[in-house]
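Enquirer: Fold the stuff below for me.
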Amino acid sequence: MHIPDNYLSPSTCAVLGAAMAPVLAVSVKKVKEEITKAQMPMLGIGAAFSFLVMMFNVPVPGGTTAHAIGGTLVAILLGPFSACISVTAALLIQALLFGDGGILAFGANAFNMAFVLPFTGYFVYKCIKDRAKSERGEYIGAIVGSYVGINAAALMAAIEFGIQPLLFRNAAGQALYCPYPLAASLPAMLIPHLLVVGVVEAFFTASILAFIRKISPGSIYEGGIKRSKAVYALLAALICLVPLGLLAGAAAWGEWAPDEIGAVVSGGAALGYVPEKILHGFKLSALMQDYSVQGLPASAGYILSAVCGVAVMVILFKIAGGFIRDKKRNGTRA
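Expert: All right, here's what the predicted structure looks like:
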């Protein structure tokens with residue numbers, strides 16, 4: 001679901017980035033009001049969970065791959081505004097260090113995965129949980145909420161892809177950016193997420209939620225957040241398992257490299273050309289592009305990438321917690 005650079009027009013990216021800016025501003029304000037210095041590192045743990053689960057690619061119908069995101073899980077554990085900040089941080093690290101998702105398209109990716117997904121998922125979860133008023137109801141809410149949340153995000157990405165060829169074409173009628181209209185992008189994105197990825201997201205959410213509830217019953221948003229060695233052990237286990245994400249092999253739909261897209265078959269025929277802006281557009285060479293390290297086997301590079309990504313996010317939010325402490329010392333509300 002990570003939209004690469006040059007698949008969306010600059011104007012589309014600008015609109016979605018502008019829409020995401022007030023969401024982040026409100027989220028930062030809410031986090032300052034709700035999260036203490038001691039709790040702040042848990043936002044880094046939430047970002048790490050989301051980052052790691054996105055590395056587990058799974059094969060989906062159509063011969064492509066996709067992945068869960070964990071946004072609803074983080075919203076349940078930390079609150080939707082904290083989830084917005086955590087998932088946004090994960091997406092930023094992915095784009096800058098690993099080339100996963102575009103720099104220009106960062107606002108669009110954040111809008112889909114850090115706003116639409118966790119807020120939609122959390123709203124559905126809360127509605128079911130508040131009406132059921134039982135532990136079983138909570139788990140049903142988590143399952144349904146995470147399933148709905150990731151499909152809502154997939155729908156947004158499909159629309160963003162699909163409007164490009166309607167709005168931006170050259171004189172010959174060829175698409176300048178993403179070449180696939182809504183008739184292709186909607187089923188290509190929604191069918192795999194409805195059939196496979198939504199189920200994976202729901203399973204991941206329910207499983208991790210059950211684990212967290214068992215080791216630290218107070219670690220739910222309304223009841224406070226606690227860290228424990230078991231949480232870090234779970235992160236370590238996920239890091240060791242991330243090479244499983246390499247087994248899927250194929251690229252995700254809409255994430256093809258410029259030298260691949262011309263041969264992609266859609267509607268029974270290959271595209272036959274590379275859109276001009278995809279071929280000659282903006283490109284950033286990331287330090288660990290595609291979660292790889294030169295000279296290391298793919299699996300080792302994947303694990304090292306996971307370690308680096310998790311470390312950066314944990315340190316980032318640890319530093320952010322220091323700013324909250326300093327503000328409280330000065331007598332102002334963090």
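
Enquirer: Could you use CA atoms for every contact and neighbour count after this?
Expert: Fine.

Enquirer: And the closest residue in space to Ser266 that isn't next to it in sequence, which helix or strand is it part of?
Expert: Computed as Cα to Cα, 6 or more residues apart in numbering, the closest residue to Ser266 that is not its neighbour in sequence is Ala184, at 7.4 Å. Element membership for Ala184, per DSSP states H and E: helix 182-192.

Enquirer: Which elements pack onto that helix?
Expert: Applying 3 or more Cα pairs under 8 Å, 6 or more residues apart in numbering; DSSP states H and E, we find helix 182-192 packed against helix 135-162.

Enquirer: let's go with 10 Å and repeat that
Expert: strand 58-60, strand 64-66, helix 135-162, helix 164-167, helix 198-215, strand 265-266 (3 or more Cα pairs under 10 Å, 6 or more residues apart in numbering; DSSP states H and E).

Enquirer: Give the buried residues for the fifth one.
Expert: Spelled out, that is helix 198-215. 198-206, 208-209, 212 (16 or more other Cα atoms under 10 Å).

Enquirer: ok, which stretches of the stretch 1-150 of the chain are helices?
Expert: Using DSSP state H, counting those that start in this stretch, the helices of the stretch 1-150 of the chain run over residues 10-34, 41-53, 71-78, 80-98, 106-110, 117-132, 135-162.

Enquirer: Go through the ones you listed and name the closest to Lys277.
Expert: helix 10-34 (10.4 Å; Cα to Cα).

Enquirer: ok so, going back, what's the local residue count around the residue nearest to Ser266?
Expert: A count of nearby residues for Ala184, using other Cα atoms under 10 Å, gives 15.

Enquirer: I'd like the mean pLDDT over stretch 75-85, please.
Expert: Averaged across stretch 75-85, pLDDT comes to 93.

Enquirer: thinking again about what came up before, specify the angle between the helix holding Ala184 and helix 135-162 in degrees.
Expert: If you take axes from the mean of the first three to the mean of the last three Cα atoms, to 10 degrees, helix 182-192 sits at 150 degrees to helix 135-162.

Enquirer: can you pull the contacts of Ser86?
Expert: By Cα atoms under 10 Å, 6 or more residues apart in numbering, the residues touching Ser86 are 42-51, 71, 74-75, 78, 80, 92, 114, 313, 317.

Enquirer: Report the buried members of those residues.
Expert: Buried among those (16+ other Cα under 10 Å): 42-51, 71, 74-75, 78, 80, 92, 114, 313, 317.

Enquirer: Output the below-cut-off pLDDT ranges for this structure.
Expert: 216-228, 325-334 (pLDDT under 70).

Enquirer: Once you drop chain neighbours, what's closest to Leu238?
Expert: Leu52 (6.8 Å).

Enquirer: count of residues packed around that neighbour?
Expert: Neighbours of Leu52 using other Cα under 10 Å come to 23.

Enquirer: Give me the distance between it and Ile303.
Expert: 10 Å (Cα to Cα, to the nearest Å).

Enquirer: List the residues that are in contact with both of these two.
Expert: By Cα under 10 Å, 6+ apart, the residues touching both Leu52 and Ile303 are 238-239, 241-242, 309.

Enquirer: State the pair within those residues that is farthest apart.
Expert: Distances among the shared contacts of Leu52 and Ile303 were taken as Cα to Cα; the most separated pair is Leu241 and Gly309, at 14.8 Å.

Enquirer: Who has more neighbours out of these two?
Expert: A side-by-side neighbour count of Leu241 and Gly309, using other Cα under 10 Å, places Gly309 first with 21 against 16.

Enquirer: Is it correct that that one is in contact with Leu97?
Expert: Yes. The pair Gly309 / Leu97 is scored as a contact, 8.1 Å apart, by Cα atoms under 10 Å.
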